[in-house]
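In: Pasting a predicted model and its sequence here:
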Amino acid sequence: MKKKVLSAVVVVCMVALVLAACGNGGSGGGNGAGAENGGSGDGFTIGATVYYMTEFVTLMVNGIESRADELGMDLILLDANNNAQQQITQIENLIAQEVDVLLVAAVDSDAIVPALDMAEEAGIPLVGVNMLINTDRHYYYVGPDDVLAGQLQMQAAIDAIGGDGNVLILEGPIGQSAQIQRMEGNQKALAENPGINVLAHQTANWSRAEALALTENWLEAFRGEIDAIVAHNDEMALGAIQALEAAGLIGDIVVTGVDAILDGCNAVLDGTLLATVLQDAYKLGSLSVQLCYDVLMGNPPEEALNYIDMPLVTRDNVEQVLSDIYGQ
Amino acid sequence: MKTSLGKKQVNQLLSKYSLILIILGIALIMTFSTSAFLTGTNLINLLRQISINGILAIGMTLVVLTGGIDLSVGSILAFSGIIIAGLLRDTYLPIIVIVLIAILVACIMGALNGYFISYWNAAPFVVTLAMMTIGRGLTFVFSDGRPISNLPGEYLEISRGSIIGIPNPAWILIVIFILGTIILNNLKLGKYIYAIGGNENAALVSGIPVKRVKLFVYVLSGFACGVAAVIWTARVSAGLPTAGDGYELDAIAATVIGGARLSGGRGKLWGTLLGALLLGIVSNGLDLLNVSSFYQKIVKGLIILGAILIDAKRNKKM
């Protein structure tokens, strides 16, 4: 009887493994076919690790996959589950597989620094995407200009309320590079507009639900004083909008976000969200693979750190964005 | 008659060594699936990769043997890690002193767990859940929510260095394992731990200092967290407020896969070590095979489920 259970367990494990391996084999085949079509990738393999499969990262990964396919490069893609230590583990595992280039969207800008040493030791170039690495050393990077995004979203809110009034800031998780840089951008715009007073700023951890609760509390605490809410991403902006809707304050208080996710764009179209900043994840993924390719082919860009455009999305151009990015 | 006896023995052996067989089986599959698995570098990577969970799981096993549970290990790890990184940044204390301070703090947090659990008779699940939240909060307070980085190179050697080819973290795991084994097999404390998990009232009646022993196992679990934090912080070269999030689940998983009974009284440290090895091999191998993390989660869950099923079957027999 024990033996039966034991063999059942072994079989389950094996089946799971084989299934997983097959799934992998399938995608590998797809890459192989790409190599035949593209023919220029010289059989390069990209070893990529991303911090977590959020909606944004999933879009970015789509861009990574399709560009790798076009260039005929193979791709090994791992998800670090927001665990900095696991990401280091994955870098070790990718190096053990002798990939040609490491593509890293870091869980944490500081904790990824040892990966630079490992890559150097192994003689494999490391390319950063979306999350800057906190180092003075030379590495290639492509990512969003979050300082600019923070500045644009704050300026849009300030312009809408006529240059003076009270704002609230919904921050990303404290310490993440996107939060730090968007806040820096917010402050740049604030420095140019002394008439603006920041009533409070707090994190809602990128979460719609947390932002909703926080905004509800703020609406009580600062009753009648609030002119604008600036959220570091669209999810939180949408949470704030829900709180405003419940309180019947839509139109009295303006809200801005970042990311231009589909829901965010629709909210701009409705007029509930004043503005958001487009962060084209698919394009970012695609550019990051191009950067890997250029580095491997020996013609990297002049600048080590490259930033993609971050256009402001308002009612004037939101329909364009919806059709370009989301095909609507 | 003779053959059936042989069969029975084979079954017993299979059951006893099932974990080793499963590990060997999976290692075999990995070896055939990818040439990157059975290489010196990868095996050394693997040792380094299982060390943190292995150490936490050994502490967890001691707690589980008394019928308790420790959900606060990830938070204690994070807090100790922040202390290490902060002291390395802000003071000129020798590294060994900093490490000892961090481990001491972890032991104190464990002692608080143990105090409320044994002297206030509070449920371990709830007390350590509270400590999990408090520890995480303290970590954010002390770090201001930001990573503490740029740690000195000598400190990073704790994780990067190796002695006769075996990485330091693996050596530390081995030492912790030996210490744990001595406690369980050679000291009176070990007998007490098993006795309390088997039947707490009986243990009390037979004069075992139940409260003190229970307090002490949580100190030991805290100690393991402190040691794991030393490696963790060196490995990523930073103290992170989010470090160790969810690690309690991996430590419990390794303990359960290793054959320990969650209600206490039964379990072996080498089983736990094999449990950590199994989880490590699976995650390492699936990374090498480029399996999406979505599937990895399913495989991990199936392995935990499989371990519990074997256990349930075994209990029925007994």
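Out: Looks like it came in fine.

In: Let me see the contact set for residue B:243.
Out: The contact partners of residue B:243, taken as CB atoms under 8 Å, 6 or more residues apart in numbering or on different chains, are A:84-85, B:74, B:77-78, B:81-82, B:139, B:229, B:232-233, B:236. Any C-beta I mention is one placed from the backbone N, CA and C, and that applies to glycine too.

In: Need the nearest residue in space to it, chain neighbours excluded.
Out: Nearest residue to residue B:243 in three dimensions, chain neighbours excluded: residue B:78, at 4.1 Å (CB to CB, 6 or more residues apart in numbering or on different chains).

In: if we can go back for a sec, turn the contacts of residue B:243 into a markdown table, including pLDDT, secondary structure and neighbour count.
Out: Formatted as a markdown table, these follow (pLDDT from 0 to 100; DSSP: H, G, I helix; E, B strand; the rest coil; neighbours: other CB atoms under 10 Å in any protein chain shown):
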| residue | pLDDT | secondary structure | neighbour count |
| --- | --- | --- | --- |
| A:84 | 93 | helix | 27 |
| A:85 | 94 | helix | 24 |
| B:74 | 97 | helix | 25 |
| B:77 | 98 | helix | 34 |
| B:78 | 97 | helix | 30 |
| B:81 | 97 | helix | 31 |
| B:82 | 97 | helix | 28 |
| B:139 | 95 | helix | 25 |
| B:229 | 98 | helix | 32 |
| B:232 | 96 | helix | 31 |
| B:233 | 96 | helix | 32 |
| B:236 | 90 | helix | 30 |
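
In: What is the nearest of those to residue A:188?
Out: Among the contacts of residue B:243, residue A:84 lies closest to residue A:188 (CB to CB), at 29.0 Å.

In: follow-up on the earlier one: quick one: the residue nearest to residue B:243 and residue B:139 touch, right?
Out: Yes. Counting by CB atoms under 8 Å, residue B:139 is a contact partner of residue B:78 at 4.5 Å.

In: Now do the shared contacts for these two.
Out: Common neighbours of residue B:78 and residue B:139, using CB under 8 Å, 6+ apart, are B:241, B:243.

In: show me what contacts residue 261?
Out: Looking at chain A here, since you left the chain open. A:55-56, A:234-235.

In: not quite, I wanted chain B
Out: Here residue B:261 is in contact with B:64, B:197, B:267, B:311, B:315 (criterion: CB under 8 Å, 6+ apart).

In: which among those gets closest to residue A:120?
Out: residue B:64 (42.0 Å).

In: Give me the neighbour count for that closest one.
Out: Residue B:64 has 30 neighbours, counted by other CB atoms under 10 Å in any protein chain shown.

In: Provide a list of residues in contact with it.
Out: By CB under 8 Å, 6+ apart, the residues touching residue B:64 are B:197, B:252, B:255, B:260-262, B:264, B:267.

In: Going by distance to residue B:286, which of the residues you listed wins?
Out: residue B:252 (20.4 Å).

In: Could you list the low-pLDDT ranges of the stretch 1-150 of chain B?
Out: B:1-5, B:11-15 (pLDDT under 70).

In: Around chain A, which positions in it sit nearby?
Out: B:10-12, B:14-15, B:18, B:21-22, B:25-26, B:29, B:33-34, B:36, B:39, B:41-42, B:45, B:48-49, B:52, B:140, B:143-149 (CB under 8 Å from any CB of the partner chain).

In: Select only the buried ones of these in ChimeraX?
Out: Listed next is the ChimeraX selection for buried residues among the residues of the stretch 1-150 of chain B next to chain A, using 16 or more other CB atoms under 10 Å in any protein chain shown:
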select /B:15,18,22,26,29,33,34,36,42,45,48,49,52,140,143,145,146,147,148,149
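
In: Among the residues of the stretch 1-150 of chain B next to chain A, which ones are in helices?
Out: When those are checked against helices (DSSP state H), the matches are B:10-12, B:14-15, B:18, B:21-22, B:25-26, B:29, B:33, B:41-42, B:45, B:48-49, B:52, B:140, B:143.

In: low-confidence ranges in the stretch 51-200 of chain A?
Out: In the stretch 51-200 of chain A, no residues with pLDDT under 70.

In: Around chain B, which positions in it sit nearby?
Out: Residues of the stretch 51-200 of chain A lying near chain B (CB under 8 Å from any CB): A:53, A:76-79, A:81-85, A:88-90, A:92-98, A:108-114, A:134, A:173-175.

In: what about 7 Å?
Out: Within reach of chain B by CB under 7 Å from any CB of the partner chain, the stretch 51-200 of chain A has these residues: A:76-79, A:81, A:84-85, A:88-90, A:92-93, A:96-97, A:108, A:110-111, A:113-114, A:134, A:174-175.

In: Buried ones among those?
Out: A:76-79, A:81, A:84-85, A:88-90, A:92-93, A:96-97, A:108, A:110-111, A:113-114, A:134, A:174-175.

In: How much space separates residue B:298 from residue B:304?
Out: As defined by CB to CB, to the nearest Å, residue B:298 lies at a distance of 11 Å from residue B:304.

In: check contacts around residue A:235.
Out: Residues counted as contacts of residue A:235 (CB atoms under 7 Å, 6 or more residues apart in numbering or on different chains) are A:206-208.
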